[in-house]
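Q: sequence unknown, structure follows:
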C-alpha cells in the first residue's frame, strides 16, 4: 500500500486534466439546462440566509450548499420579493419565494436564468474536491493507476455530472462526506491532534450540507473500535498485558475522537450562527409522529418528562428540519416503479434503479473488483486488497447510506439520495487498474474495455446526463418505462423546449403539460392545457356530450415524461403516439393529425371528433417566443 506521504499522492498532469475537463463539462451543463424543481426553492432560500441571517426556509436541508450557491447572486444584487414568506412548524415557503424571485427578475429576455447559472458555477468546486479525494484515497490504498481509474469514473459518471451542475445539495454533500471519511481514515492510521481537528471540521461541513451524514456520528466510533480491535489482534500482545496496554494505547486516540465529534457539532452550530442552539427538547413544536406521538398533528411527546429537560447541542432549525423531513416520509407520497403507482415505496427501489442508471461498464468494473478482492484477500496483496480494516472503513459508509435511504419507504423517488455512496465504490473499484503495473494483460484489457464502455455511454447522452439510463434500460428514451420523476424529468429541459419552438414557428398553437415550478411564460412560451383522459377507472355515459372534450385532439403537444405517466393517468394515451421531436429526453413533442386523434379516440371508447370539434383550437392560441440571451 502506498504511503500517504509518498510522491504518488501528488496530482499528475493527467489528473489535473481530468478534473479540469470535469469542471468544464459540469459548467457547460449548468449553462444549458433549466432550473430543476428543487433549485427553484434552494436559490431563494440561500438568498434568504444572507438577507436575514435566518435558516427556516428550506430547513429540511442544512444551509451550507445553498448559501454558497447564493453568494455570487447576492453580489449581483438581484430584485428580491419576500411577500409570500410564511413561518410555522410545517411551513414550506421556498417554492413560492422562488416563483416570485423569477417573476421579479424577468424582463422578457430570460435574464433571470443567469442567476441560477452563477449559483451553479459556485458549487462546481465541490465536485472537483470530490474528484481529488477519490483520486487521493485510491492512490494511497492501492496504486497510482487505481487513483486514475477512480478519478475517471468520478469525472465521467453521468449521475455525478448531472447533479454537479445544479445547486441541489446532493453532490456537495457527497464530496464533503467523502472528504470527512478520508480524513478520518488518515487519523485512524496515524492518530494526531492535527488530523483529528481536520476531520472534525470537515465532519461539521458535511453535516451542514445534508443531514444524511448524521450517520457518521454512529459509524465513526464503531469503526474506531473495530480498528482498535484489529490493531490489538495484529500486535499479538501477551494475554496478561493486553488489557493494560490496550487501555493506555487507546486513551489518547479516544480523547481525540471525542474532540473530533464535538468539533463537528460546534461547526454545525457555527454554520447556523448558533440560531436557537441548545434549546430544551420539550420546547420544540414537532410535526412528525415519531416526535409528537401518534394521532397528534403538532406537539412534543417529551414535554413534562425528564428527557424533555435535556438541552440539545444543535441549532433549532437543524433539529426541526430533520423532524419535518421525517414527517414527509411518515405521510408518504405516491411512487412509481415499472408502470405501477402506489402510495409509499419499495425497499429495493434504489438497488433496482442503480442497475438501470449506472453505466454497465461501471458494473463490469465492480464485478472485476469483487473477483480480484475475493481471489487475493487471503494472500494479502495490497494492490488488490488493502487489508480488511482499510476496506471496511472505505465501504461501510457507502453501505450505511444505501441501507438508510432504502429503509425510508414512505416514498421512493429520487436516485440522487444514494449519490453519497458512489465515490466510496469508485475508490474501491480503482484497485482493478493495479493490473497494469502487475503486468496482468487480460485483466488490464478487460478493464480498458469496461472504462471505454462507461465513458462512451455517458458521452452519448451528455449534456442530458440527468436523463441518463444505460443500455439495459433502453437508454434515455426507454428509462421512463421503469422510473420517472427526478431520475429523468425534473424540469431541466424547458430551455431546450423554448429553443425548439423558436426554430419551429409552425408548432402553434401549443398544448403543454410540464413539470416545473417556473411558469412557461418566463421561458417565452404560451400554451394551453391538454385535454385529459379518459381515466381508465371512471365510467362515462356514452350519451354524454362532454365526452368530446376528453381524449386526444389534433394539434401540437409538448408533454413532459413525468406528466405523461402521472398517477392520475390523465395523459397515458400519449404513449400510443410517436413523438416527432424531443426537448432533451424529458419532453416529447407530438403533432397529432385529425385521423390519428380519431383512431386513438375509437381505441379509448370515445366518439370520434366532428369536423368542427377537430378544427377547434385551445384558448389563447398566440404563442410569444423571446429570443434567448446568454445568461
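A: Perfect, thanks for sending it. All values derive from a computational prediction rather than experimental measurement.

Q: please count neighbours and contacts with C-alpha atoms only from this point.
A: OK.

Q: middle-most residue in the chain, spatially?
A: In the chain, the centroid-proximal residue (Cα atoms, centre = their mean) is residue 416; its distance is 2.9 Å.

Q: how far away is it from residue 167?
A: For residue 416, the distance to residue 167 (Cα to Cα, to the nearest Å) stands at 13 Å.

Q: likewise residue 350?
A: Using Cα to Cα, one obtains 22 Å as the distance from residue 350 to residue 167.

Q: between those two, which one's more packed in?
A: A direct count of neighbours by other Cα atoms under 10 Å for residue 350 and residue 167 places residue 167 higher, at 33 against 22.

Q: surely the more buried one is in a strand?
A: No - under DSSP: H, G, I helix; E, B strand; the rest coil, residue 167 falls outside any strand and is assigned coil.

Q: number of residues surrounding the residue lying closest to it once chain neighbours are set aside?
A: Leaving aside its chain neighbours, residue 167 sits nearest to residue 120 (5.3 Å; criterion: Cα to Cα, 6 or more residues apart in numbering). Neighbourhood size, residue 120 [other Cα under 10 Å]: 30.

Q: what strand or helix carries residue 120?
A: If you go by DSSP states H and E, residue 120 is part of helix 113-141.

Q: then residue 324?
A: Element membership for residue 324 (DSSP H and E) is helix 316-331.

Q: that helix packs against which elements?
A: Counting contacts by 3 or more Cα pairs under 8 Å, 6 or more residues apart in numbering; DSSP states H and E, helix 316-331 is packed against helix 289-292.

Q: tell me which other helices or strands the helix it packs on touches.
A: By 3+ Cα pairs under 8 Å, 6+ apart, helix 289-292 packs against helix 316-331.

Q: buried stuff in the helix it packs on?
A: By neighbour count on 16 or more other Cα atoms under 10 Å, the buried set for helix 316-331 is 316-330.

Q: now stretch 600-610
A: Buried residues in stretch 600-610, counted by 16+ other Cα under 10 Å: 600-601, 604, 606-609.

Q: next: stretch 357-375.
A: In stretch 357-375, counting by 16+ other Cα under 10 Å, buried: 357-366, 368-370, 372-373.

Q: got a list of contacts for the very next helix or strand once past the helix holding residue 324?
A: As assigned by DSSP H and E, the chain's next helix or strand after helix 316-331 is strand 334-337. Strand 334-337 is contacted from outside by 341-345, 349, 411-413, 482-484, 567, using Cα atoms under 8 Å, 6 or more residues apart in numbering.

Q: strand 334-337 pairs with which strands, parallel or anti?
A: Sheet pairing of strand 334-337 (DSSP bridges) gives strand 340-343 (antiparallel).

Q: pull the distance from the partner strand to the chain's centre.
A: Distance, stretch centre to chain centre, for strand 340-343: 22 Å (Cα atoms, centre = their mean, to the nearest Å).

Q: swap in stretch 349-362?
A: Between the centre of stretch 349-362 and the centre of its chain there are 14 Å (Cα atoms, centre = their mean).

Q: same question, stretch 462-475
A: Centroid separation between stretch 462-475 and its chain, computed with Cα atoms, centre = their mean, is 16 Å.

Q: which of the residues in that stretch are buried?
A: The neighbour-count check on stretch 462-475 (16+ other Cα under 10 Å) flags 462-471, 473, 475 as buried.
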